[in-house]
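1. just coords:
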């Protein structure tokens, strides 16, 4: 396993070399471009510079709480140029998987643990669902006799800050008592970086089901690092993997995603991964091609020659 | 590993031999004596017969949603004779551990994910706590800036049918950001048998924390199969392990608990474990000394000679 190339902020030649090598730049968002509602210094300028150099930009996020149009509003609010067709979320990847790969019959529904954005992506693919934001399932009351719903053909779990025992119990029963029900997740991130520090992520919302169902009922996760996510992007964009770079803050999602797809990878240290994950006593087995402290360092690429 | 002795319902001599060998009879409850509010056929008669034969009876439950006095009310409601000092729950074992082993300083609190019974057991040991049934933490609203509480010295997780993202986030932050905070659980049962089938258990409520914190932050579980539970019983009761039998429906809690404590073990098949766990293609590594289809089979011991 070869070591990462370390990019030193200020070494303009190193960043310019990167610019020459890659035409398509895929960005993770949380922890790379922003923390919650706080921009990471220099992120908007770097995106503007890449656009000025005629680079393709794609945003690849495991955040499944927002649909693509709603995610665009987040960019708008932070003053970053972005277009809906540049945005790929794990909610979208899950919806594409259900309609195109799983081919869920039209008379079957998805039981959702997740938020409005996930429902919107399902709706846009014409997929019926129950659970999710339905007030009947958003309660802290104990679930007394659960009426099982035989029309459910899949359970899909994403980050849900309204998760509760009723939703977990319903999802568990669908999967435990009916082996034909598909078990899907948007992503398995253990945490996510909020503006106020780490909070439990989609993988932690999923964990009660993984634990209660046991290893005989494995989950299919559609977000990074799954290649399903890259397939969802390929269906909409032409790009050459050899001239594409994936930029992220998380080794086991972003960097593994890039590597699995044959892309170059650049790790930033403004989110989950730290220097210790690279050079500490228990280094990660996933080694990015490049490391730079922050996305803002890429301002060194400068403007294109006039 | 030797095979289990199979007891055949009706073979009175086999059950009488059991009666001769063991003076103290420890019972799991859910799945052994009842399913939710439904008695298992013959359970009350068997307990009466054992009492008539002057056997000691101890109830050992991982159910941490009820305190011992409240658990006694459950026996009363089902018409089963039981005494508070015969009842040992994982909530009680956790409270004893916090006060006697952890020796949590008096100015420190326990952050609770759990229900009223767990709080009552902490109260009875003079332990301060936050979270639990506090209405402020029983909400489906998103936890926006969580005010961390430096007086928390331990997080204790049990089955909580009001579990929500606020509680999980608070517990996560206490454990993630302060390495001195102890990480405790009443038990790690993946499911529990309700009157209407399986539902996620305490281990599934705990799973988001185990997953988000990762292997560097292991949890100490106090209920079965932990020997801590047997120590809590030993502090109150005299019994000879060689003449004690543990009866349960779950291999990885009840039967492992008995084996770890040097007790004989009897598995019943009215709860979690099934014949396939014993003789199927992937048999459990935990082999009980005895197996009988149901606790009711022990009616064959008959009444003592007058």
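-> On my side now, so go ahead. Note that this is a predicted model, so its numbers are computed, not measured. Numbers count the residues shown, from 1 in each chain, chains lettered A, B, ... in the order given.
2. part of a strand, is residue A:118?
-> No: using DSSP: H, G, I helix; E, B strand; the rest coil, the secondary structure at residue A:118 is helix, not a strand.
3. Share the number of residues neighbouring it, please.
-> For residue A:118, the neighbour count with other CB atoms under 10 Å in any protein chain shown is 32. Glycine gets a C-beta too; all of them are placed from N, C-alpha and C.
4. mind listing what it touches?
-> Applying CB atoms under 8 Å, 6 or more residues apart in numbering or on different chains to residue A:118 gives the contacts A:64-65, A:67, A:91, A:94, A:112, A:132, A:156, A:158, A:186.
5. okay, among these, which ones form the most distant pair?
-> Largest separation among the contacts of residue A:118 by CB to CB: A:67 and A:156, giving 14.2 Å.
6. Same drill for those two, tell me which one is more crowded.
-> Using other CB under 10 Å, the more surrounded residue of residue A:67 and residue A:156 is residue A:156, with 30 against 25.
7. Provide the secondary structure category for that one.
-> What three-state DSSP gives for residue A:156 is strand.
8. gap between it and residue A:29?
-> Residue A:156 sits 21 Å away from residue A:29, taking CB to CB, to the nearest Å as the criterion.
9. and what of residue A:158?
-> 16 Å.
10. Which one's more surrounded, the two?
-> A count of neighbours by other CB under 10 Å puts residue A:158 above the other of residue A:158 and residue A:29, at 31 against 24.
11. For that one, give me its contacts.
-> By CB under 8 Å, 6+ apart, residue A:158 lies in contact with A:64-65, A:90-91, A:94, A:112-115, A:118, A:185-187, A:202, A:205.
12. avg pLDDT for stretch A:257-274?
-> Regarding stretch A:257-274, the rounded mean pLDDT is 96.
13. First-to-last residue distance for that stretch?
-> This stretch, stretch A:257-274, spans 18 Å end to end (CA to CA, to the nearest Å).
14. again with stretch A:288-304
-> Per CA to CA, stretch A:288-304 runs 27 Å from first to last residue.
15. residues in contact with it?
-> Residues outside stretch A:288-304 that contact it (CB under 8 Å, 6+ apart) are A:4-7, A:9-12, A:14-16, A:18-19, A:27, A:32-33, A:40-43, A:45-46, A:49-50, A:52-54, A:245, A:247, A:251, A:255, A:258, A:264-270, A:278.
16. Can I have the buried ones of the residues you listed as a ChimeraX selection?
-> This is the ChimeraX syntax for the buried subset of those, where burial follows 16 or more other CB atoms under 10 Å in any protein chain shown:
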select /A:4,7,14,15,18,19,27,32,33,40,42,43,46,49,50,245,247,251,255,258,264,265,266,267,268,269,270,278
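17. I'd like to check the angle between the helix or strand harbouring residue A:208 and helix B:202-213, please.
-> Assigned by DSSP states H and E, residue A:208 falls within helix A:202-213. Angle, helix A:202-213 to helix B:202-213, by axes from the mean of the first three to the mean of the last three CA atoms, to 10 degrees: 150 degrees.
18. Give me every residue in chain A lying close to chain B.
-> A:138-140, A:142-143, A:145-146, A:160-165, A:168-169, A:172-173, A:176-177, A:190-191, A:196-201, A:203-205, A:207-212, A:214 (CB under 8 Å from any CB of the partner chain).
19. about what we covered before: now for the helix holding residue A:208, which elements pack on it?
-> In terms of contacts (3 or more CB pairs under 8 Å, 6 or more residues apart in numbering or on different chains; DSSP states H and E), helix A:202-213 is packed against strand A:152-157, helix A:165-177, strand A:182-185, strand B:197-200, helix B:202-213.
20. And it, what's buried?
-> Applying a neighbour-count criterion of 16+ other CB under 10 Å, one finds A:202-213 buried in helix A:202-213.
21. One more: stretch A:73-81?
-> A:74-75, A:78, A:80.
22. which helices and strands does the lowest-mean-pLDDT helix or strand in chain A pack with?
-> In chain A, no helix or strand scores lower on mean pLDDT, DSSP states H and E than strand A:191-194, which sits at a mean of 86. When contacts are defined as 3+ CB pairs under 8 Å, 6+ apart, strand A:191-194 sits against strand A:197-200.
23. and the closest residue to residue A:196 other than its chain neighbours, how far is that from residue A:194?
-> In this structure, residue A:196 finds its nearest non-sequential neighbour in residue B:145, 5.1 Å apart by CB to CB, 6 or more residues apart in numbering or on different chains. Per CB to CB, residue B:145 is found 9 Å from residue A:194.
24. which residue is nearest the middle of chain A?
-> residue A:62 (1.2 Å; CA atoms, centre = their mean).
25. Dihedrals phi and psi, residue A:78?
-> phi -90, psi 0 (degrees, to the nearest 10).
26. in terms of contact, does it touch residue A:37 like I think?
-> Yes: with contact defined as CB atoms under 8 Å, residue A:78 counts as touching residue A:37 (7.4 Å).
27. what secondary structure does residue A:59 sit in?
-> Assignment for residue A:59 (three-state DSSP): strand.
28. For it, name its beta-bridge partners.
-> Per DSSP bridges, the residues bridged to residue A:59 are residue A:27, residue A:87.
29. Can you tell me how far residue A:228 is from residue A:58?
-> Residue A:228 is 16 Å from residue A:58, where distance means CB to CB.
30. next one: residue A:107
-> Distance from residue A:107 to residue A:58, by CB to CB: 35 Å.
31. Compare neighbour counts for those two and give me the winner.
-> Using other CB under 10 Å as the criterion, residue A:107 and residue A:58 rank with residue A:58 on top: 18 against 8.
32. number of nearby residues for the nearest residue to residue A:150 once chain neighbours are set aside?
-> Of all residues not flanking residue A:150 in the chain, residue A:178 sits nearest, at 7.7 Å (CB to CB, 6+ apart). Other residues lying near residue A:178 total 13 when counted by other CB under 10 Å.
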